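In: Sequence first, predicted coordinates after that:
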Amino acid sequence: MTSDAIGIHDLSFATTRFVLPHTTLADHNGTDIGKYHTGIGQRSMSVPAADEDIVTMAAAAAAPIVARHGADQIRTVVLATESSIDQAKSAGVYVHSLLGLPSSARVVEMKQACYSATAALQFAIGLVHRDRSHRVLVIASDVSRYELDSPGEATQGAAAAAMLVSADPALVQIEDPSGLFTADVMDFWRPNYRATALVDGKESISAYLQAVEGAWKDYAEQGGRALGEFSAFCYHQPFTKMAYKAHRHLLGYCGHDADKGEIARAIADTTTYNADIGNSYTASMYLGLASLLDNADDLTHQAIGFLSYGSGSVAEFFAGTVVPGYRSQLRVAAHRDAITQRHPIDYAKYRELHEQSFPDDGGDYSAPRETAGPYRLAALSGHKRIYEPR
Ligand code: COA
């Protein structure tokens, strides 16, 4: 590891109390389960309890990082989300408070659909370049919610991924250059007055594939690595089959054989967690990284390609190198527990949670105690969200 290395020092994720298996959704809407399990590559979706949201998940994801490394050197917290709870106040400020972080810190929220955690990561790297003693807590937290009985419904999910970005990282060194791509498309968006996203599903798939091409083209022009140098590719995964589609597209664009076995070798380990959690928007690609590090054979010194996509659209391709000794830092048991310890719900309970929201009259409303996580959204009072440790 060179002494100027900067990257991901620690990575932890959290998800929800509840899970809806796709078999339950298929039973309700009469869909052949093969469409979900094979066609889109999803087995179940995380569903937030009534007292969970992006703040409680973000704090739950970041708490083990603060417990392991302390809070002293964290002078910046960046929370990336597209399911924000407030138009003005950053969700990260609630997280900063729940975690007891020092007041001598800046906290900010970032948005550009599913892409913004990557902007947050690059922002963090820039700050660490300025001062190598500085550590940045980057948290991606989202609840993916589409209309009931819409095509997007089966691709819902919820999770938060927290990363500590530092000099001399213990997990993944992030490299220059990045390949960048922006195009003004309406493939997915959520106006401020809507609780569910609007999406043109087919358009979003083709916009994603165009962005893969555009970001890779720029990456190559900036002098990035050759395609053959990567041992795995971490793509944004709105549904896990999308990573396979994207990689096949990239191989074709670069004139490589799109061999099925080769694609599976490059992608499969990145999809394990997302297949059970569903789309976690900003967190999705970083859950893919957690899945890869936790489940693949030794990746020491190997290069990983990252393709971050956010509808609307912005994409970035960049590379990371896995650091020697990374395995001793992983949180494999906690990550697997977060998935296996979720409580399965039936369709009626899922629907009730999907349709639920606090009234907006400024009154006092408490939330039922449901979460098994360390923090909960206790109430809404005078338009203020009240959080508490559980
Ligand atoms: N067994 C196996 N595969 C099946 C199947 C069955 N019984 N029935 C359908 N499939 C396959 C289809 O062939 C298709 O595969 P392909 O894409 O490789 O051709 C896949 O399952 C999905 O079927 P499709 O009919 O296209 O599904 P849909 O019209 O319900 O839409 C999405 C799928 C992803 C567009 C929709 O879920 C959506 O809008 N999602 C939200 C937006 C999103 O995630 N966008 C991604 C980019 S950000």
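Out: Perfect, thanks for sending it.

In: count of neighbours near L25?
Out: A count of nearby residues for L25, using other CB atoms under 10 Å, gives 21. All C-beta atoms are positioned from the backbone trio N, CA, C, and that covers glycine.

In: Please, which helix or strand holds it?
Out: Per DSSP states H and E: L25 is located in helix 22-29.

In: secondary structure class for the residue nearest to the spatial centre of the chain?
Out: With distances taken as CA atoms, centre = their mean, A283 lies nearest the centre of the chain, 0.7 Å away. Here A283 is helix, with the state taken from DSSP: H, G, I helix; E, B strand; the rest coil.

In: before we move on, what about R132?
Out: Under three-state DSSP, R132 falls in the coil class.

In: tell me the phi and psi of it?
Out: phi -70, psi -10 (degrees, to the nearest 10).

In: picking that back up, in PDB, could you pull the C-alpha coordinates for the helix holding L25?
Out: Backbone C-alpha positions of helix 22-29 (Å, rounded to 0.1, in the frame of the first residue of the first chain) are rendered in PDB as follows:
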ATOM      1  CA  HIS A  22     -41.200 -12.400  -3.200                       C
ATOM      2  CA  THR A  23     -43.200 -15.700  -2.900                       C
ATOM      3  CA  THR A  24     -45.700 -13.700  -0.800                       C
ATOM      4  CA  LEU A  25     -45.900 -10.900  -3.400                       C
ATOM      5  CA  ALA A  26     -46.200 -13.500  -6.200                       C
ATOM      6  CA  ASP A  27     -49.100 -15.300  -4.400                       C
ATOM      7  CA  HIS A  28     -50.900 -12.000  -4.100                       C
ATOM      8  CA  ASN A  29     -50.600 -10.700  -7.600                       C
END
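
In: ok, the residue in the chain positioned nearest to the ligand - contacts?
Out: Closest approach of the chain to the ligand (CB to the nearest ligand atom) occurs at G39, with a separation of 2.0 Å. Applying CB atoms under 8 Å, 6 or more residues apart in numbering, one finds that G39 lies in contact with K241.

In: May I have the phi/psi pair for it?
Out: Backbone dihedrals for G39, given as degrees, to the nearest 10, come out at phi -60, psi -50.

In: pLDDT wise, what is it at?
Out: Turning to G39, the model gives it a pLDDT of 98.

In: One more: V77?
Out: Confidence at V77, expressed as pLDDT, is 98.

In: next one: D257
Out: The predicted local distance difference test score for D257 is 89.

In: With R376 instead?
Out: Looking at R376, its pLDDT reads 98.

In: right, and it touches I386 too?
Out: No: taking contacts as CB atoms under 8 Å, R376 lies outside contact range of I386: 9.5 Å.

In: Of those two, which one has the most company?
Out: Comparing R376 with I386 by neighbour count (other CB under 10 Å), the higher total belongs to R376, at 27 against 16.

In: Let me know the secondary structure of that one.
Out: Using three-state DSSP as the criterion, the local structure at R376 reads strand.

In: Apart from its chain neighbours, what residue comes closest to it?
Out: D51 (4.2 Å; CB to CB, 6 or more residues apart in numbering).

In: Over to R43?
Out: A275 (5.2 Å).

In: what does P21 give?
Out: Taking CB to CB, 6+ apart as the measure, P21 lies nearest to S44, with 4.6 Å between them; neighbours along the chain are not counted.

In: can you count the residues close to the residue nearest to R376?
Out: Using other CB under 10 Å, D51 has 22 neighbouring residues.

In: Distance of it relative to A367?
Out: Spatial separation of D51 from A367 under the definition CB to CB, to the nearest Å is 4 Å.

In: which neighbours do those two share?
Out: Counting by CB under 8 Å, 6+ apart, the common neighbours of D51 and A367 are 376-378.

In: With distance to G312 as extra columns, can I get those residues in a markdown table?
Out: Listed next are the shared contacts of D51 and A367 as a markdown table, based on distance: CB to CB, whole Å:
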| residue | distance to G312 |
| --- | --- |
| R376 | 32 |
| L377 | 28 |
| A378 | 34 |
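
In: Save the residues you listed as a markdown table, and put in distance to the ligand too.
Out: What follows is those, written out as a markdown table (distance: CB to the nearest ligand atom, whole Å):
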| residue | distance to the ligand |
| --- | --- |
| R376 | 29 |
| L377 | 26 |
| A378 | 32 |
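
In: and the gap between the nearest residue to W189 once chain neighbours are set aside and S280?
Out: Spatial nearest neighbour of W189, chain neighbours left out: L198 (5.7 Å); criterion: CB to CB, 6+ apart. Summarising the geometry, the distance separating L198 from S280, computed by CB to CB, is 19 Å.

In: ditto for C114
Out: According to CB to CB, C114 stands 9 Å off from S280.

In: what about those two, which has more around it?
Out: The neighbour count for C114 versus S280, taken as other CB under 10 Å, is higher for S280 (34 against 31).

In: For this structure, which residues are neighbours of the ligand?
Out: 32, 34-35, 38-40, 151-152, 154-155, 199, 201-202, 204-205, 208, 238-239, 242, 311 (CB under 6 Å from any ligand atom).

In: ranges for the helices of the stretch 151-300 of the chain?
Out: Listed in chain order, the helices of the stretch 151-300 of the chain (DSSP state H, counting those that start in this stretch) span residues 201-221, 240-253, 260-267, 272-277, 284-295.

In: So the residue nearest to R376: helix, strand or coil?
Out: The three-state label for D51, taken from three-state DSSP, comes out as coil.

In: my guess is it meets T371, correct?
Out: Yes: judged on CB under 8 Å, D51 makes contact with T371 at a distance of 5.0 Å.
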